[in-house]
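**Student:** Provided below are the primary sequence and the corresponding predicted coordinates.
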Amino acid sequence: AWGVGMALAIAGTLTQGITRNSLASPDIIGVNAGAALAAVTLIVVFPSVPIAVLPLAAFGGALSVAILIYLLAWNGGSAPVRLILVGIGFSLIAGALTDIMVTFGNIYDVSQALVWLAGSVYGRSWGQAIAFTPWLIVFGLLSLLLSRELNALQLGDDVARSLGSRIEWQRGWLLLSAVALSGAAVATAGSVSFVGLMSPHIARQLVGPSHEGLVPVAALTGGLVVVAADLIGRLLFAPIELPCGIVTAVIGAPYFLYLLIRDRP
């Protein structure tokens, strides 16, 4: 739960930095929907595939959607607003395809996919944790190394170029890190909503906007949010367990509305 929260929070911080939009996150711009589509396809169509393949499939789905978003948003450069708008469109398309897979799949496999889509760490094995950990370590460290570049990107493309930044290369590596982290997290625990949106905002209030401090604090905050949501889900209606993704959605949706109202012009 802690690792999944860290991965989603780092991915959310990177996404907000890349798009220069505090309301962006991997689950809003379609990256998580691509990962979910690939993972559900694997669960429903190829149920005998080993667990270790699931993060690779989710990463492939997330990366495919991210590349398509990047290509379709390209117009002499990757403008942040176009990335968000194209991403929302892909999120709807991937969500519809996921619903088709669930509708026509075997009932047993579909029930597993539906529980997984709700977002839960219940019943996860050490095999899944071991398969997820290298993704978190490698791309978490890469995100920390690239965090300084996000500060330059916040100044605008023209200013960042004048400071010597290679804009599209840096944005591409940052996007790859966000996709890998969110894809691996979705493959491990399903669609845990709003963690990537909430955690960077909470961290920003604690340590300010500089990404050298923001990325690690957001990661710790995201881990705490998912662990707390999982604990609430286990205790609230015990012995029935509520998936942590439902708890984060119940908390995150009002928080998202609050951010929209607070940030309106």
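**Tutor:** Received, thanks.
**Student:** Three-state assignment for Ser48, please.
**Tutor:** Reducing the assignment at Ser48 to three states with DSSP: H, G, I helix; E, B strand; the rest coil gives coil.
**Student:** so what does it have for phi and psi?
**Tutor:** Per-residue torsions, Ser48: phi -90, psi 0 (degrees, to the nearest 10).
**Student:** which residues of the stretch 51-200 of the chain fall in helices?
**Tutor:** Assigned by DSSP state H, counting those that start in this stretch, the stretch 51-200 of the chain shows helices spanning 53-73, 80-104, 107-118, 126-153, 157-162, 167-189, 195-207.
**Student:** of all those, which lies closest to Trp2?
**Tutor:** helix 126-153 (9.9 Å; CB to CB). Where you see a C-beta, it was placed from the backbone N, CA and C, and this is true even at glycine.
**Student:** show me what the closest one is packed up against.
**Tutor:** helix 2-19, helix 53-73, helix 157-162, helix 167-189, helix 211-236 (3 or more CB pairs under 8 Å, 6 or more residues apart in numbering; DSSP states H and E).
**Student:** tell me which of those is the most buried.
**Tutor:** Counting by mean count of other CB atoms under 10 Å, helix 2-19 has the highest mean neighbour count of the helices and strands packed on helix 126-153, with a mean of 29.
**Student:** and Val121, how close does it get to Ala1?
**Tutor:** Using CB to CB, to the nearest Å, Val121 is found at 5 Å from Ala1.
**Student:** cool, Leu259 as well?
**Tutor:** Using CB to CB, Leu259 is found at 24 Å from Ala1.
**Student:** can you pull the contacts of Gly172?
**Tutor:** Tyr70 (CB atoms under 8 Å, 6 or more residues apart in numbering).
**Student:** should've said Leu23
**Tutor:** Gln16, Leu197, Phe256, Leu259, Leu260, Asp263.
**Student:** out of these, what pair is the most spread apart?
**Tutor:** Pairwise distances across the contacts of Leu23 peak at 14.5 Å for Gln16 and Leu260 (criterion: CB to CB).
**Student:** what pLDDT does the model give Leu146?
**Tutor:** For Leu146, the pLDDT comes out at 83.
**Student:** what secondary structure does Pro239 sit in?
**Tutor:** Under three-state DSSP, Pro239 comes out as coil.
**Student:** typo on my end, it should be Ile28
**Tutor:** Assignment for Ile28 (three-state DSSP): coil.
**Student:** so it makes contact with Ile88?
**Tutor:** Yes: counting by CB atoms under 8 Å, Ile28 does reach Ile88; the two are 7.1 Å apart.
**Student:** so for those two, which sits in the more crowded spot?
**Tutor:** A direct count of neighbours by other CB atoms under 10 Å for Ile28 and Ile88 places Ile28 higher, at 23 against 15.
**Student:** how much space between that one and Tyr108?
**Tutor:** Using CB to CB, Ile28 is found at 32 Å from Tyr108.
**Student:** do the same with Arg171
**Tutor:** Distance, Arg171 to Tyr108, using CB to CB: 42 Å.
**Student:** same question for Leu259.
**Tutor:** 40 Å.
**Student:** now Ala94
**Tutor:** Applying CB to CB, the value for Ala94 to Tyr108 is 24 Å.
**Student:** the more surrounded of these two?
**Tutor:** For the pair Ala94 and Tyr108, the greater number of neighbours falls to Ala94 (24 against 10), based on other CB under 10 Å.
**Student:** quick check, the more buried one in contact with Ala38.
**Tutor:** No: Ala94 is not in contact with Ala38 according to CB under 8 Å; the separation is 9.0 Å.
**Student:** residues that sit against both of the two, list them.
**Tutor:** With CB under 8 Å, 6+ apart as the test, Ala94 and Ala38 both reach Gly61.
**Student:** how about Val247, secondary structure?
**Tutor:** Val247 is classified as helix under three-state DSSP.
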